[in-house]
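Novice: any chance you can model this:
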Amino acid sequence: MRRKVTKAVFPVAGLGTRFLPATKSVPKEIMTLVDRPLVQYAIDEARAAGIKEFLFITSRGKSALEDYFDESPILERELRKKGELDILEDLKATNMESGAIAYMRQHKALGLGHAVWCARRLIGDEPFAVMLPDDVISAEKPCLQQMVEAYEETGGNMVAAMEVPREKTSSYGILDVKEDMGAMVSVKNMVEKPKVEEAPSNLAVIGRYILDPAVLKNLNKLKTGAGGEIQLTDAIAQEIDNTGVYGYRFRGQRFDCGSKAGFLQATVAFGLARDDLKDDLRRFLDSVMQIENAAE
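Specialist: Got it, this is the predicted structure:
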């Protein structure tokens, strides 16, 4: 019987320099998308997929992130006193049970592979997920849940994948496809940020992974790769001929909230999806477009 995926690693040690000066004092992961921080979307997605243990790879200056998941007795008492029970219920979703969440420091910025390697002792010999909160995915069935269900059939290693414009392939890990089975592809190679003319496809890896613990052993041996960092892609690629690697074309829309444009696009999309916000927001967007068209 295949082992269940119950642990997830959240690499959140980055400085968020693209969002300075905001991230000078506020970790990027708790910047607000509508009325929830980015990290809450990732946590909710992980819970829907059956994740029970949440492992955060942090760095100096991330204490606000740790505080976010703690209980707030005074605030909860005031909400209860005022009868704000709906808000209180939303607040409870941010609390983590004692022992369910752990924080590990990544003392040197050596890349995603190194960040995942930092969690090796808590992962042990179990399959695990990796989730990048920058990648926010709007989907009827949460992306990681889709992947866990597919993983139960395949085992091995699985990465979320999506087609990107050919000229953007140099910004991603790119899959060299062995067999295309529709939603699933088997992988014969993975290339981290290839030159556009050398990209084997336009099928890119995005921030959701289900990995065999053998990947951690590979990370033990890796030296720096593309960009002078320890690349997770390289460690996964070593398992192609062993436990196997699959790409999964998830059903949903991905927003790159690590960029300002992507964050703004996500804000509009998630706002329009809210019954309490969509009418006012749509009227505002229509008025903006009318002004812009008139100016032309």
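Novice: quick one: terminal-to-terminal distance for stretch 166-182?
Specialist: Criterion CA to CA, to the nearest Å; first-to-last residue distance in stretch 166-182 is 20 Å.
Novice: now what about that stretch, what contacts it?
Specialist: With contacts defined as CB atoms under 8 Å, 6 or more residues apart in numbering, stretch 166-182 is touched by 159, 161, 164, 185-196, 199-206, 231, 233, 247, 249. No exception for glycine: its C-beta is placed from N, CA and C like everyone else's.
Novice: buried residues in that stretch?
Specialist: Buried residues in stretch 166-182, counting neighbours by 16 or more other CB atoms under 10 Å, are found at Thr169, Tyr172, Gly173, Ile174, Leu175, Asp176, Val177.
Novice: what sits against Glu163?
Specialist: Contacts of Glu163 (CB under 8 Å, 6+ apart): Asn202, Leu203, Ala204.
Novice: for Thr154, state which of those is nearest.
Specialist: Among the contacts of Glu163, Leu203 lies closest to Thr154 (CB to CB), at 16.8 Å.
Novice: which among the contacts of stretch 166-182 count as buried?
Specialist: 159, 161, 164, 185-187, 190-194, 199, 201-206, 231, 233, 247, 249.
Novice: those in helices, which ones?
Specialist: Thr233 (DSSP state H).
Novice: redo the contacts of Glu163 as JSON lines? Include pLDDT and distance to Gln238.
Specialist: Formatted as JSON lines, these follow (pLDDT from 0 to 100; distance: CB to CB, whole Å):
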{"residue": "Asn202", "pLDDT": "90", "distance to Gln238": "23"}
{"residue": "Leu203", "pLDDT": "92", "distance to Gln238": "19"}
{"residue": "Ala204", "pLDDT": "93", "distance to Gln238": "20"}
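Novice: identify, from those residues, the entry nearest to Lys81.
Specialist: Checking the contacts of Glu163 against Lys81 with CB to CB, the nearest one is Ala204 at 49.8 Å.
Novice: show me where the stretch 51-200 of the chain has helices.
Specialist: Along the stretch 51-200 of the chain, counting by DSSP state H, counting those that start in this stretch, helices occupy 63-68, 73-81, 85-92, 112-117, 120-123, 143-154.
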